[in-house]
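J.: Sharing a model prediction with you, sequence too.
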Number of protein chains: 2
Amino acid sequence: MASVEFIKGLCTPALVVDLDKVKRNAEGMKERCQKLQVQLRPHMKTHKTLECADIMTGGSRRCIVVSTLAEASFYADNGYDDILYAYPLPFDKVERCAELSERLSLFHVLLDNTLALQELKKRPLKQEIWQTEGVELTGVYAHCGNTYSCQGEEQIKAVAQQTTTVTLQFMDKLKAAGIHSPKSSIGSTPSCSHPVPDMAKLSEVHPGNYVFYDVQQSLIGSCRLEDVAVRVLTRVIGHYPRRNQLLVDCGWTALSHDGGGRLPTGYAIIEGHPELKLLSMTQEHGRVEPVSGKLDFKQFPLGSLLTLMPYHACATAMMHPVYFVHSKGKIVDTWKPTRGW
Amino acid sequence: MASVEFIKGLCTPALVVDLDKVKRNAEGMKERCQKLQVQLRPHMKTHKTLECADIMTGGSRRCIVVSTLAEASFYADNGYDDILYAYPLPFDKVERCAELSERLSLFHVLLDNTLALQELKKRPLKQEIWQTEGVELTGVYAHCGNTYSCQGEEQIKAVAQQTTTVTLQFMDKLKAAGIHSPKSSIGSTPSCSHPVPDMAKLSEVHPGNYVFYDVQQSLIGSCRLEDVAVRVLTRVIGHYPRRNQLLVDCGWTALSHDGGGRLPTGYAIIEGHPELKLLSMTQEHGRVEPVSGKLDFKQFPLGSLLTLMPYHACATAMMHPVYFVHSKGKIVDTWKPTRGW
């Protein structure tokens, strides 16, 4: 980070969020969607906070996607509406879905099989709709998760095109079968970071990770490394010259094991130190060693700070009860995510 | 699990804890320590709850180890004392350590270098001790983490013996240098599950995971698979015959990525179904396929329950805001862990 002065007072490990990058990432996605004239329905699963949701929805508090009912309730409790629960309707949660549906103007659930439809018919989510029209298909939701194996814009666009084409073909079949104007929605941060023109024919897109981005997204080609808005701050807590290793106070409780250490620099990128590798972690410790050669311990005195760029922001953010939000060299806010199911 | 009736009402994914196994595991460790006449100082990092701490301390609320200051404060706030913060003294947390030291009769910190001693001297943890005697060495703390690469009791005992011998030799050197009766403590669940007679010469042991155990511990040889006290309950939410896969509602938010899928059955053991493998996870989904051959989908209807034995209980418990505690076929309690740093 350009300035580390403001973070010296933070106890580590700490998740820090660059508010200006978050706003820029959110703005970029909004602009791409406006250009395509496609509704943006941002996914909340990466951050699970109110403040970041307000940025992603531009303060409208409408039209979001969630990955759990805990998120749905959290946002509903805080004045959000038009919530899509992007999960195959779980049979143990039909009653909770029904309650949310009764509280909100719009609460959408996903069905991907006829058995789920039967469960839903036992407890329709909007009594009035049910009594007049039965269960109504309001749209088709696809997630091009295969963009995560892409490398570079060209491959991402090929998958985005393929997903869009298949979805639009399916919409045509629905129309031919007499189903009137259902919505079509595809998602994933890679495809929505590099949309193809045909995506303008869709009703909605539902990316989520883009607000933070991460090392994984930069490798896929969704963003530049400088767009990544989150870091884990960690301090050097031990020198082990015989092992040629530093010990830092970031274990898997602060970073997660996501990525499996597959980066050339291990479990994360250590900002400003491409020569270092986060080799392994225990619950509360990380082991750092040089990618090659001898470590110059004098460069990393005990107590000194390192900043880690996470491989997967969703997995790392999940580990933190509070995010420290900074702008222009100062901590300006703390955000508290919801969790559970 | 013998009876799954009581869990049918739980929303999944859910962490369930078998109270009787917890008590049996705690009792077993207490008995081994009593036999050796060594003080048991149980580690709280695996569960981070009051209720389980009460079981591990036999209700004394004294003599525990913690891995974070958040744990230390949580236990101090709830009447616990004689707390050892098993972490190299972090320079950013000296003031918080000092405050805890002033609140508690006994609060121990670890030092492993002279720079930390200087930091401590700037803010001694007990003013009165400092003024009379300076910083006092109260003991030596070692953790034989290398027991985690053992397979079987014999190897565990060899590491336990080696660690004990080295620690006792160091204690002799301290005595020879005129340092009076410092305590000696070694830890790790494997070594304390199979103690060697020489461990009787130590003052304390500090294992933690043993109260839950897990698949990893059973593979090391610390316990039998039937001693594992925790499960993640999950439901089947999708059938994918073309992929020969089931989708379940346990992703890495409920299990963690710990273990990296290295088991023959992937990321966990699916209880009662050695023929199944938890192949991979996304944030909220798990993909289950047969170890070999074709999946019989009729055996696993949508909505049906599977129980996962976690690879690493510490990592899995960490993901849950609440644990569902059962005994004799009934949910008898819910435990809420602390988190953060």
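T.: Nice, I can see it. Owing to the predicted nature of the structure, the values given are computational and were not obtained by experimental measurement.
J.: need the next SSE after the longest helix along chain A, C-terminal direction.
T.: The longest helix of chain A (DSSP state H) is helix A:153-176. Proceeding N to C from helix A:153-176, the next assigned helix or strand is strand A:183-186, under DSSP states H and E.
J.: how many neighbours does the closest residue to A:Leu117 other than its chain neighbours have?
T.: Residue nearest to A:Leu117 in three dimensions, not counting chain neighbours: A:Leu111, with 5.6 Å by CB to CB, 6 or more residues apart in numbering or on different chains. Placement of C-beta: from N, CA and C, glycine included. Here the number of neighbours of A:Leu111 (other CB atoms under 10 Å in any protein chain shown) works out to 15.
J.: Likewise for A:Phe107?
T.: That count, for A:Phe107 with other CB under 10 Å as the rule, works out to 21.
J.: what helix or strand is the spatially closest residue to it that is not a sequence neighbour on?
T.: Excluding the flanking residues, the one nearest A:Phe107 by CB to CB, 6+ apart is A:Ser101, at 4.4 Å. Element membership for A:Ser101, per DSSP H and E: helix A:94-103.
J.: What is that helix packed up against?
T.: Packing partners of helix A:94-103 (3 or more CB pairs under 8 Å, 6 or more residues apart in numbering or on different chains; DSSP states H and E): helix A:69-77, strand A:81-88, strand A:107-110, helix A:114-122.
J.: Rebuild these as CSV, extending it with distance to B:Ser203 and mean pLDDT.
T.: Formatted as CSV, the helices and strands packed on helix A:94-103 follow (distance: least, CB to CB, whole Å; pLDDT from 0 to 100):
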stretch, distance to B:Ser203, mean pLDDT
helix A:69-77, 45, 98
strand A:81-88, 52, 95
strand A:107-110, 58, 92
helix A:114-122, 59, 81
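J.: Export those to a markdown table and append columns for distance to B:Pro13.
T.: Formatted as a markdown table, the helices and strands packed on helix A:94-103 follow (distance: least, CB to CB, whole Å):
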| stretch | distance to B:Pro13 |
| --- | --- |
| helix A:69-77 | 11 |
| strand A:81-88 | 12 |
| strand A:107-110 | 18 |
| helix A:114-122 | 18 |
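J.: between these, which one is nearest to A:Glu284?
T.: A:Glu284 lies closest to helix A:69-77 among the helices and strands packed on helix A:94-103, at 26.1 Å (CB to CB).
J.: who's in contact with the closest one?
T.: Residues outside helix A:69-77 that contact it (CB atoms under 8 Å, 6 or more residues apart in numbering or on different chains): A:44-45, A:48, A:50, A:53, A:61, A:64, A:66, A:83, A:85, A:93, A:96-97, A:100, A:103-104, A:107, A:338-341, B:11.
J.: pLDDT weak spots in the stretch 51-200 of chain A?
T.: A:126-135 (pLDDT under 70).
J.: Tell me the spacing between A:His273 and A:Gly293.
T.: 13 Å (CB to CB, to the nearest Å).
J.: Between those two, tell me which one has more neighbours.
T.: Shown here are A:His273 and A:Gly293; by other CB under 10 Å, A:His273 has more neighbours (16 against 9).
J.: The helices and strands packed on helix A:94-103: which one's closest to B:Thr189?
T.: Nearest of the helices and strands packed on helix A:94-103 to B:Thr189, taken as CB to CB: helix A:69-77 at 31.8 Å.
J.: Would you mind writing the CA trace of that closest one as CSV?
T.: Extracted in CSV, the C-alpha atoms of helix A:69-77 (Å, rounded to 0.1, in the frame of the first residue of the first chain):
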residue,chain,number,x,y,z
LEU,A,69,-30.9,-17.2,4.2
ALA,A,70,-28.8,-15.5,7.0
GLU,A,71,-27.8,-12.9,4.4
ALA,A,72,-31.4,-12.6,3.2
SER,A,73,-32.7,-12.0,6.7
PHE,A,74,-29.8,-9.6,7.5
TYR,A,75,-30.5,-7.4,4.4
ALA,A,76,-34.3,-7.7,4.9
ASP,A,77,-33.9,-6.5,8.5
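J.: Show me which parts of it are buried, residue by residue.
T.: The neighbour-count check on helix A:69-77 (16 or more other CB atoms under 10 Å in any protein chain shown) flags A:Leu69, A:Ala70, A:Glu71, A:Ala72, A:Ser73, A:Phe74, A:Tyr75, A:Ala76 as buried.
J.: any idea of the angle it forms with strand A:81-88?
T.: Here helix A:69-77 points in a direction 170 degrees away from that of strand A:81-88 (axes from the mean of the first three to the mean of the last three CA atoms, to 10 degrees).
J.: Hmm, A:Arg339 and A:Met318 touching each other?
T.: Yes: using CB atoms under 8 Å, A:Met318 is in contact with A:Arg339, at 7.3 Å.
J.: joint contacts of those two?
T.: A:Lys48.
J.: Among those two, which residue is more densely surrounded?
T.: Between A:Met318 and A:Arg339, A:Met318 has the larger neighbour count (other CB under 10 Å), namely 22 against 19.
J.: in the stretch 51-200 of chain A, what residue is nearest chain B?
T.: Chain B sits closest to A:Phe91 of the stretch 51-200 of chain A, with a gap of 3.8 Å, by CB to the nearest CB.
J.: ok, now which ones touch that residue?
T.: Neighbour list for A:Phe91: A:Ala116, A:Glu119, B:Arg235, B:Leu302, B:Gly303 [criterion: CB under 8 Å, 6+ apart].
J.: Among those, name the buried ones.
T.: Buried among the contacts of A:Phe91 (16+ other CB under 10 Å): A:Ala116, A:Glu119, B:Arg235, B:Leu302.
J.: what would the residues you listed look like in a markdown table with distance to A:Ala160?
T.: Compiled in a markdown table, the buried ones among the contacts of A:Phe91 are given as follows (distance: CB to CB, whole Å):
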| residue | distance to A:Ala160 |
| --- | --- |
| A:Ala116 | 28 |
| A:Glu119 | 33 |
| B:Arg235 | 32 |
| B:Leu302 | 31 |
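J.: phi, psi of the nearest residue to A:Val205 once chain neighbours are set aside?
T.: Closest residue to A:Val205 apart from its sequence neighbours, by CB to CB, 6+ apart: A:Cys192 at 4.9 Å. Here is the backbone geometry of A:Cys192 (degrees, to the nearest 10): phi -80, psi -10.
J.: Looks like A:Val291 contacts A:Leu279 (just checking).
T.: No: under the criterion of CB under 8 Å, A:Val291 is not in contact with A:Leu279, lying 9.9 Å apart.
J.: quick one: which of these two has more around it?
T.: A:Leu279 (18 against 13).
J.: Touching, the more buried one and A:Gln245? I think so.
T.: Yes: if you go by CB under 8 Å, A:Leu279 and A:Gln245 touch, sitting 7.4 Å apart.
J.: what is in contact with the two at once?
T.: Each of A:Arg287, A:Val288, A:Glu289 lies in contact with both A:Leu279 and A:Gln245 under the rule CB under 8 Å, 6+ apart.
J.: Need those residues in CSV (columns: distance to chain B and pLDDT).
T.: What follows is the shared contacts of A:Leu279 and A:Gln245, written out as CSV (distance: CB to the nearest CB, whole Å; pLDDT from 0 to 100):
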residue, distance to chain B, pLDDT
A:Arg287, 12, 98
A:Val288, 14, 98
A:Glu289, 17, 98
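J.: Highest neighbour count among those?
T.: A:Val288 (27 neighbours).
J.: Let's verify the closest residue to that one other than its chain neighbours: helix, strand, or coil?
T.: Closest residue to A:Val288 apart from its sequence neighbours, by CB to CB, 6+ apart: A:Leu246 at 4.3 Å. Following DSSP: H, G, I helix; E, B strand; the rest coil, the label given to A:Leu246 is strand.
J.: Cheers, nothing more for now.
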